[in-house]
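Asks: Predicted structure and sequence below. I'll ask about it afterward.
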Amino acid sequence: MAAITMRLPAVRRAVGPAAPRGGEKHLVAPGDTITTDTGYMRGHGTYVEEEKLIASVAGAVERVNKLVCVRALKARYNGEVGDIVVGRITEVQQKRWKVETNSRLDSVLLLSSVNLPGGELRRRSAEDELAMRDYLQEGDLISAEVQSVFSDGAVSLHTRSLKYGKLAQGVLVQVSPSLVKRQKTHFHDLPCGASVILGNNGFIWIHPTLEHKDEEAGGFTTNLEPVPLSDREVISRLRNCIVALVNQKLMLFDTSILYCYEASLPHQWQPAQLDGMFFSSVLLFQSSLHFPYMDQGHSQTRGGGGDRSGNPTEAAGSGGIGHLARSSHLKSQHGSS
C-alpha cells in the first residue's frame, strides 16, 4: 500500500499572486515610492521628491523604456486614435456636434467627419449646416471612432463608415473604461439574437441584431419597429450579465458576456432573486474558465463601475425600448415565469 503524505495548512507553502506579464507592473497607492533610480523619467501620475519617484494616484505602474507613469484605476476615459466609442449628443454648434464620451472634456464631431445621407461625397454646404439637427440632435446616441486627440485631451470623432452612426433602439450600460478589454473589433453579433457595441470609453450598447442595414441612409435612420418580447428578454438578460461581471471586477468582451449569458439560461428568475442568481452564474462561469480579473492591457486593474462611486449605471436609449435598463427586465421575467 502506497504511503500518503499529509501536511497541515500551517506548514504548506504560501502561493503568492501570479506575477503580471513582463514582471514590471505592480499596483501603487498615492505616496508609494515607485523607484529610487534617478535614471527614470517622470510620467503621468508621478512626481519626484528627495530623488525618489513617487506615485500621485492609485493605479498600475507602466514603463516605456525610461519613462514611468501610473495608469489610474478609476479615471475618466483618455482617448486614443482608433478607439471605438459610444457617445451622446449634448449640443449642436456651428459645423460640429458636442458629444459626451465619459472623458474630461466634451468630444467633437465635425460636420465634415460624417457621411451625408445617400453616401454623397461632396463639400458640406450651408444647406447641410442648416440641416444638422435633422441628422443628429441633442440626446441622440451614436457610435464613432476616435480620429484625433487634441493637446488638451479633447477627442475628435468621425463616423465615415456604415458601421458607425446613430443608434436606434437598445440599452446603454455605463461601466468603468478599465473593464472593457481592447480588441480588434468591438462590434459583436452574439448568437443569442442581440448585438453588443463595447465602447472603449465604458459605454456599452446592447440592441437587437439587424437583419439588414440600409446603406443609403448614411447612418442616420432610426428603426422604430416594435421589438418582440423574446428579443427584449435577451437584451435584459445580457444587460444583467454585464452588470454582474462588473460587480465582480471581470473584464468585458464578447466571450465573457456570452459565457455568463449561457450560464444564466437554466434559471427563470423572480425580481427579488436577480442579484443572487446572476452572482452565482458569474461564479459558475469563472470557475469553469479560471477567468482572470484583468488582461495585459489593464494588468491588475480593479476598477469599479461607471459612476464616481464605482457602481455600474445604465441609461435609456433613444428608441422605443430604452426603458429596458430600468424596469422592463423585471416585467419580462414576470411574463416568462
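Replies: Noted; the coordinates are in hand.
Asks: got the end-to-end distance for stretch 30-45?
Replies: Stretch 30-45 has an end-to-end distance of 9 Å (criterion: Cα to Cα, to the nearest Å).
Asks: in it, what counts as buried?
Replies: For stretch 30-45, a neighbour-count test (16 or more other Cβ atoms under 10 Å) marks Ile34, Tyr40, Gly43, His44, Gly45 as buried. Just so you know, the C-beta spots here come from the backbone N, C-alpha and C atoms, and that holds for glycine as well.
Asks: ok, now stretch 248-265?
Replies: For stretch 248-265, a neighbour-count test (16+ other Cβ under 10 Å) marks 249-254, 256-261, 263-264 as buried.
Asks: Reformat the buried residues of stretch 30-45 as JSON lines; add secondary structure, distance to Glu145 and pLDDT.
Replies: What follows is the buried residues of stretch 30-45, written out as JSON lines (DSSP: H, G, I helix; E, B strand; the rest coil; distance: Cβ to Cβ, whole Å; pLDDT from 0 to 100):
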{"residue": "Ile34", "secondary structure": "strand", "distance to Glu145": "34", "pLDDT": "91"}
{"residue": "Tyr40", "secondary structure": "coil", "distance to Glu145": "34", "pLDDT": "89"}
{"residue": "Gly43", "secondary structure": "coil", "distance to Glu145": "26", "pLDDT": "90"}
{"residue": "His44", "secondary structure": "coil", "distance to Glu145": "24", "pLDDT": "87"}
{"residue": "Gly45", "secondary structure": "coil", "distance to Glu145": "27", "pLDDT": "90"}
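Asks: ok, these vs Lys66, which is closest?
Replies: Tyr40 (5.4 Å; Cβ to Cβ).
Asks: check contacts around the closest one.
Replies: Residues near Tyr40 by Cβ atoms under 8 Å, 6 or more residues apart in numbering: Leu53, Arg63, Lys66, Leu67, Val68.
Asks: Quick check on the second one: phi, psi?
Replies: Which is Arg63. Dihedral angles of Arg63 (phi, psi; degrees, to the nearest 10) stand at phi -120, psi 130.
Asks: Number of residues surrounding it?
Replies: 15 (other Cβ atoms under 10 Å).
Asks: how close does it sit to Glu50?
Replies: From Arg63 over to Glu50 the distance is 21 Å, taken as Cβ to Cβ, to the nearest Å.
Asks: Same question for the third one.
Replies: As judged by Cβ to Cβ, Lys66 and Glu50 stand 20 Å apart.
Asks: Between those two, which is the more surrounded one?
Replies: Lys66 (10 against 7).
Asks: Spit out the contact partners of the more buried one.
Replies: So Lys66 contacts Gly39, Tyr40, Met41 (Cβ under 8 Å, 6+ apart).
Asks: need the contact list for the last one.
Replies: Think Met41. With Cβ under 8 Å, 6+ apart, Met41 has these contacts: Lys66, Leu67, Val68.
Asks: Show me what it bridges to in the sheet.
Replies: Bridge pairing for Met41 (DSSP bridges) gives the partners Leu67.
Asks: switch to numbering from 44
Replies: Sure, I'll start numbering at 44, so the last one becomes Met84.
Asks: same for the lengthiest helix in the chain, what does it pack against?
Replies: Looking across the chain with DSSP state H, the single longest helix is helix 272-290. The contact analysis (3 or more Cβ pairs under 8 Å, 6 or more residues apart in numbering; DSSP states H and E) places helix 272-290 against strand 214-217, strand 237-241, strand 246-251, helix 297-307, helix 317-332, helix 371-379.
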